[in-house]
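>>> My questions concern the predicted model and sequence given below.
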Amino acid sequence: MIEETVKRYRAYLGKLRAYRHAMGLMNYDMNTIMPKGAGPIVGETFGVLSEAVYDMYTSPETEAMQREILAHRDEVDPILVRTAELATEERARIACIPKDEYVQYTIDQTTADQVWHEAKLKSDFPMFLPHLEKLIAAKKRFARYYRPDAPVYGTMLDEYEKGLCTETLDRFFKTVRDRLVPVIAKIKEQPDVSFLHRYYPIAEQRIFSDYLMDVLGLDRNHCIIGETEHPFTTEFTKYDVRITTHYHEDMVEASMYSVIHEGGHATYERNIADEIAKTPLGRGVSMSVHEGQSRFFENIIGRSEPFIEAIFPKMQEIFPAQLKDVTAHDFYVAVNKAEPSLIRTEADELTYPLHVMIRYELEKRLFDGDLEAKDLPKEWNRMYKEYLGIDVPDDRRGVLQDSHWASGLFGYFPSYALGSAFGAQLIKRMEREFDVWSSVRAGDLKPIVAWLTEHIYRFGSIKEPTQLMEEAFGAPFDPTYYTDYLTAKFTKLYHLN
């Protein structure tokens, strides 16, 4: 009896994967090469596919199969048992939402994303506002359907990081703010970074991106790079991972670090164990862990002096005129310039968590009922002045800069700061076990990827996030590793002692 159920459940999972694969391909296309005018028909298609997925998730047959597998867990492959456990949790989130609302939300989300692209180009928040309000209202309803008595924003945080709550994040950001703001305040004189803003042709930047992907060890048979307004990574399985970047002719470091960041996501996905690759467990376990990998490669490795020394000869080969009077050390200092700025994705390591903290505070107030969507630009601008001391000139470089809210990803932003902190604790553990920096200086990241694969990547979603990371750290999570790392790095860079 259980053998027949297992067979039917595996067939169900295969069909579900196919639907989600199709929707993922459409989303990737929508954000890279889709014609602007195709938005409405794409929204309709998303609606049809999302209805089919909803029916599959919520059908009595699906629930019965999952219950039987869990009731016979000792007789079933542990991977399938874990799959059924996570699927049961996901089913509970979806089944409480009326189907018509679920489908309409998918359509509204697709429309919002299209409008956001245009609104950002025009710096026109009022154009985007009604679509944002729809998404916020829907997410509030969905959270209350799922956990009527729980704080709405806490339910959203839990969707991206199981067990995460505002109390934990409040303590985390307080530690970050208390320890890093005094360091930021000490920085007065800035290095000359004008060479970063010379003319770097996009054609040559594309060649450089290919080189960086090779350094990261990304197999081009299974990982490609595209171009978009807001860089992201899409992973269908470990065998099909797609990263994106955005090129600026006068900001060579912008695309450089988006490629390394998205390449970190891809490295995680590409090294998940083969035996779970085509199952729902064959993906990163949480967004904080995932962002921990991208931020680790982007900053701790990618902005280190040994890494710059390793890649700089190739940079000078690709950009000979732009870097003819620049040394590797000059470049290292320049890409670590710490100064309050407008754009989160281009922010330095030291001020970056303050960008995330602003978004966290705004989201928390939005879903606690203390802030209305129409007031977001005013509050965004006020908080940038308060936390970073800068004036926001327009919505394009302010409240409209990120794509996350247009995609309904409320509760996602804290993952970036937590992930950054995870990376600082991971590097300390690595340094105790092998000579990390000799490998980096040689341009060989294979030992690092192998260590991360052994401790994190291969498990996919088999383990709970907290268990996985505490085992990788060899200790409970401690944010002071992060603040100590940043304090030491920028004290040395800026001679603050």
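Great, that's in hand. Predicted model, so just to flag it, every value in this text is computed and none were measured.
>>> The residue nearest the centre of the chain in helix, strand or coil?
Closest residue to the average C-alpha location of the chain: residue 291 at 4.7 Å, with CA atoms, centre = their mean. Using DSSP: H, G, I helix; E, B strand; the rest coil, the structure places residue 291 in helix.
>>> what's near enough to touch it?
Residues near residue 291 by CB atoms under 8 Å, 6 or more residues apart in numbering: 415, 416, 418, 419, 420. The C-beta positions use only the backbone N, C-alpha and C, and glycine is treated the same way.
>>> For residue 221, state which of these is nearest.
Comparing those against residue 221 with CB to CB places residue 419 closest, at 27.7 Å.
>>> can I get the contacts of residue 291 in CSV with neighbour count and secondary structure?
Listed next are these as CSV, based on neighbours: other CB atoms under 10 Å; DSSP: H, G, I helix; E, B strand; the rest coil:
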residue, neighbour count, secondary structure
415, 25, helix
416, 24, helix
418, 29, helix
419, 23, helix
420, 27, helix
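>>> export the residues you listed to a markdown table and tack on distance to residue 55 and pLDDT?
Compiled in a markdown table, the contacts of residue 291 are given as follows (distance: CB to CB, whole Å; pLDDT from 0 to 100):
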| residue | distance to residue 55 | pLDDT |
| --- | --- | --- |
| 415 | 30 | 94 |
| 416 | 34 | 94 |
| 418 | 35 | 95 |
| 419 | 34 | 94 |
| 420 | 39 | 96 |
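>>> now the residue nearest to the centre of the chain, nearest residue through space, not along the chain?
Distances taken as CB to CB, 6 or more residues apart in numbering put residue 419 closest to residue 291, at 3.1 Å, once the chain neighbours are dropped.
>>> how about the one you found, what does it touch?
287, 288, 289, 290, 291, 292, 293, 294, 295, 296.
>>> can you rerun that using 6 Å?
Residues near residue 419 by CB atoms under 6 Å, 6 or more residues apart in numbering: 288, 291, 292, 295.
>>> distance of the third one from residue 145?
Residue 292 is 31 Å from residue 145, where distance means CB to CB, to the nearest Å.
>>> do the same with the last one
Note on residue 295: its distance to residue 145, by CB to CB, is 33 Å.
>>> which of the two has more neighbours?
Each of residue 295 and residue 145 has its neighbours counted (other CB atoms under 10 Å); residue 295 has more, 28 against 16.
>>> Pull the contacting residues for that one.
419, 420, 423 are the contacts of residue 295 under CB under 6 Å, 6+ apart.
>>> how does it look with 7 Å?
Counting by CB atoms under 7 Å, 6 or more residues apart in numbering, residue 295 touches 416, 419, 420, 423.
>>> residues in contact with residue 474?
When contacts are counted by CB under 7 Å, 6+ apart, residue 474 touches residue 429.
>>> circling back: dump the contacts of residue 295 into CSV; add distance to residue 388 as well.
Listed next are the contacts of residue 295 as CSV, based on distance: CB to CB, whole Å:
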residue, distance to residue 388
416, 16
419, 21
420, 17
423, 22
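>>> In terms of helix, strand or coil, where does residue 392 fall?
Put simply, residue 392 is coil when judged by three-state DSSP.
>>> before we move on, what about the one 5 residues further on?
The local conformation at residue 397, judged by three-state DSSP, is coil.
>>> Number of residues surrounding it?
15.
>>> I figured it was touching residue 342, is that so?
Yes. Counting by CB atoms under 7 Å, residue 397 touches residue 342, with 4.7 Å between them.
>>> Select the longest helix from this structure.
helix 2-30 (DSSP state H).
>>> Okay, buried residues for that helix please.
For helix 2-30, the buried set under the neighbour-count rule, 16 or more other CB atoms under 10 Å, comprises 5-6, 9, 12-13, 16-17, 22-23, 26-28, 30.
>>> same check, this time on stretch 369-379
Buried-residue list, stretch 369-379, by 16+ other CB under 10 Å: 371, 373, 376, 377, 379.
>>> I figured residue 374 was touching residue 130, is that so?
No. Residue 374 is not in contact with residue 130 according to CB under 7 Å; the separation is 9.9 Å.
>>> which stretch of helix or strand covers residue 105?
Here residue 105 is covered by helix 99-122, with elements defined by DSSP states H and E.
>>> what's in contact with that helix?
So helix 99-122 is contacted by 39, 42-43, 46-47, 50-51, 54, 94, 125, 127-128, 131-132, 134-135, 138, 229, 396, 400, 403, 406-408 (CB under 7 Å, 6+ apart).
>>> Tell me what angle that helix forms with helix 2-30.
In terms of direction (axes from the mean of the first three to the mean of the last three CA atoms, to 10 degrees), helix 99-122 departs from helix 2-30 by 30 degrees.
>>> secondary structure element for residue 207?
helix 202-215.
>>> Quick check: buried residues in the next helix or strand after the helix holding residue 105?
Using DSSP H and E, the helix or strand that follows helix 99-122 in sequence is helix 125-146. Going by neighbour count (16+ other CB under 10 Å), the buried part of helix 125-146 is 125, 127-129, 131-132, 134-136, 138-140, 142-143, 145-146.
>>> Stretch 435-443 now?
By neighbour count on 16+ other CB under 10 Å, the buried set for stretch 435-443 is 436, 439, 440, 441.
>>> Quick check: of those residues, which lies closest to residue 86?
residue 436 (33.1 Å).
>>> what's the neighbour count on the nearest residue to the closest one once chain neighbours are set aside?
Counting by CB to CB, 6+ apart, residue 436 lies nearest to residue 430, which is 5.2 Å off, once chain neighbours are set aside. Neighbour count of residue 430, defined by other CB under 10 Å: 19.
>>> for the one 3 residues further on, same thing?
Taking other CB under 10 Å as the criterion, the count of residues near residue 433 is 11.
>>> let's have the chain start at 524 instead
Yep, numbering from 524; the last one is residue 956 now.
>>> In terms of pLDDT, where does it sit?
At residue 956, the model reports a pLDDT of 96.
>>> The one 4 residues further on too?
At residue 960 the predicted local distance difference test score is 98.
>>> Same question for the one 4 residues further on.
Residue 964 is assigned a predicted lDDT (pLDDT) of 97.
>>> Residue 758 falls within a helix, correct?
No. Read with three-state DSSP, residue 758 is strand and lies in no helix.
>>> how about the nearest residue to it, chain neighbours excluded?
residue 792 (4.2 Å).
>>> hang on, the one you found packs against residue 762?
No. Between residue 792 and residue 762 there is no contact under CB under 7 Å: 9.6 Å.
>>> Comparing those two, which shows the higher neighbour count?
A count of neighbours by other CB under 10 Å puts residue 792 above the other of residue 792 and residue 762, at 27 against 16.
>>> separation between the more buried one and residue 732?
Note on residue 792: its distance to residue 732, by CB to CB, is 18 Å.
>>> Kindly report the same for residue 644.
Relative to residue 732, residue 644 is positioned 23 Å away (CB to CB).
>>> Pick out whichever of those two has more residues nearby.
Taking neighbours as other CB under 10 Å, residue 644 and residue 732 compare with residue 732 leading, 21 against 11.
>>> Go ahead and confirm the more buried one touches residue 749.
No. If you go by CB under 7 Å, residue 732 and residue 749 don't touch, sitting 10.6 Å apart.
>>> Brilliant, that's me finished.
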